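Participant: A predicted structure for the sequence below; I have some questions about it.
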Amino acid sequence: MNFDFSSNTATASTSKRYEYKVLSQKDKWFSGKFDPAVLEQAMNAYAQQGWRVIGCATADIPGFGGPRQEFVTILEREV
């Protein structure tokens with residue numbers, strides 16, 4: 001990756017390409033409910049396929065009984 005600092009903004013040029021995956025409770029791994037041990041198994045399985053975790057967050061999802069929190073993990077790998 002090359003950076004150009006000759007101006008006020010740094011620009012990066014790279015030829016690498018990435019793909020992304022969002023893992024949540026709705027994923028096949030969780031069967032509809034969150035379990036940290038299952039998340040660990042899923043992340044290790046995806047890591048063996050070249051994926052790496054680049055972020056995690058919770059999202060409030062509206063529902064009939066009120067909002068519920070959903071945990072999401074963002075994965076990345078080079079293509």
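Facilitator: Done, it's in. Residues are numbered from 1 along each chain as shown.
Participant: How confident was the prediction at the closest residue to residue 51 other than its chain neighbours?
Facilitator: Once flanking residues are discounted, residue 51 sits nearest to residue 75: 4.2 Å by C-beta to C-beta, 6 or more residues apart in numbering. In short, each C-beta sits where N, CA and C put it, glycine included. Looking at residue 75, its pLDDT reads 97.
Participant: Residue 12 too?
Facilitator: Here the pLDDT value assigned to residue 12 is 57.
Participant: Repeat that for the one 4 residues further on.
Facilitator: Per-residue confidence for residue 16 comes out at a pLDDT of 91.
Participant: For residue 46, which three-state class applies?
Facilitator: Assigned by DSSP: H, G, I helix; E, B strand; the rest coil, the conformation of residue 46 is helix.
Participant: hang on, the earlier thing: can you give me the neighbour number for the residue nearest to residue 51?
Facilitator: By the measure other C-beta atoms under 10 Å, the count of residues near residue 75 is 20.
Participant: Could you do the one 3 residues further on as well?
Facilitator: Residue 78 is flanked by 10 other residues according to other C-beta under 10 Å.
Participant: show me the contacts for it.
Facilitator: 16-18, 50 (C-beta atoms under 8 Å, 6 or more residues apart in numbering).
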